[in-house]
Every structure is written in C-alpha cells, then in structure tokens.
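Asker: Build me a structure from this.
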Amino acid sequence: MTQILSSGYGDTLVPLALLALWPIVLVTVIATMRVMMVAKGEADPTQFKSGVEHGPGRYWRLNRAHLNTQENLGIFAIVFFGAILAGYDAGSLSTLAWTVFGARIVQSVAQIASGEGMLVNVRFAAYLVQLVCALIVLFGILTG
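Answerer: Sure, this is the predicted structure:
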C-alpha cells in the first residue's frame, strides 16, 4: 500500500473508495425507507421481493440505482486497479477516477429523481462518460 501511495496514486484511491462507498449509501437509504414503510404500516416486511417491482416509484428507482451501481463497481475497480498495477500515469488516472465517480453520482441521482423525460438522457450521458473513461484507461493499459 505504501508503494501505491508513494507512486502518486493516493489521489486516485479517494474517488475509487467513494465509488465503493456509494452503493453502501444507497442501500442504507433503501433499508431506512423499508423500515419506515413497515413502521408506518404501509408495507409488510415480506413484501420486498428481489427483482419484483414494489413500493413507490422513487423507492423502486432507488433500488435499481443501487443494483446498477453494484453491477458496474467490479468492472471499474478492475480497470482502475489494473491501471495502477500497469503504472498508468497517476495524474491522468486520478482525473479519470474523479470523473467516473462524479458521473456515477449524476447517473444515480437522475435515475432516482425520474424515469422519464430529460433525466433519462442525463442518466445515459452520465453512464456514457463512465464508459469512455474506462475505455481510455483500458486503451492506455493495452497500448502502454
């Protein structure tokens, strides 16, 4: 770990750690909402079936945002940690990691806010930014 930090990758690890923390934040909000729905008598504890739409629209979109974040986390972790191991330029990698993290937040917020209209385009654009960043890093690793 000391070698990674002394090689200048410390600035890259912060957005990657935040990217890993984001699904934890989302699932904590989901759990809180579930407890509140059950406590208010609005839902039965057995009502929350995996993969089956349940609860209010925003709650369900939060579920989907959480799952989407988890589905992509492993891919980005492998790409960025692979880049660190390959000796990818630390400054560029940090910028790309922060860009991915920011775009992930935008994507999640757009998904939670609405499943219609312009926010669908915002969500797609934010995901596209993440993909482009990952492809830039992968290209750098492969041609490095």
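Asker: Measure how far stretch 84-97 is from the centre of its chain, please.
Answerer: How far stretch 84-97 lies from its chain's middle: 19 Å, per C-alpha atoms, centre = their mean, to the nearest Å.
Asker: Check stretch 89-99 too.
Answerer: 16 Å.
Asker: And for stretch 13-32?
Answerer: Taking C-alpha atoms, centre = their mean, one finds stretch 13-32 lying 8 Å from the centre of the chain it belongs to.
Asker: now it: mean pLDDT?
Answerer: On average, the pLDDT along stretch 13-32 is 96.
Asker: Give me the buried positions along it.
Answerer: 13, 15-16, 18-19, 22-23, 26-27, 30 (16 or more other C-beta atoms under 10 Å). C-betas here are computed from N, CA, C, even on glycine.
Asker: From the contact counts, what lies against the helix or strand in which Met37 is found?
Answerer: Using DSSP states H and E, Met37 falls within helix 10-39. Under the contact criterion of 3 or more C-beta pairs under 8 Å, 6 or more residues apart in numbering; DSSP states H and E, helix 10-39 touches helix 57-86, helix 90-113.
Asker: Which stretch among these is buried most, on average?
Answerer: Among those, the stretch with the highest mean neighbour count (mean count of other C-beta atoms under 10 Å) is helix 90-113, at a mean of 19.
Asker: tell me the angle of that helix relative to helix 10-39?
Answerer: If you take axes from the mean of the first three to the mean of the last three C-alpha atoms, to 10 degrees, helix 90-113 sits at 20 degrees to helix 10-39.
Asker: In JSON lines, list the helices and strands packed on helix 10-39 along with mean pLDDT and distance to Leu138.
Answerer: Shown next, in JSON lines, are the helices and strands packed on helix 10-39 (pLDDT from 0 to 100; distance: least, C-beta to C-beta, whole Å):
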{"stretch": "helix 57-86", "mean pLDDT": "94", "distance to Leu138": "6"}
{"stretch": "helix 90-113", "mean pLDDT": "97", "distance to Leu138": "11"}
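Asker: Nearest residue to Val129 in space, please, no chain neighbours.
Answerer: Distances taken as C-beta to C-beta, 6 or more residues apart in numbering put Ala103 closest to Val129, at 4.1 Å, once the chain neighbours are dropped.
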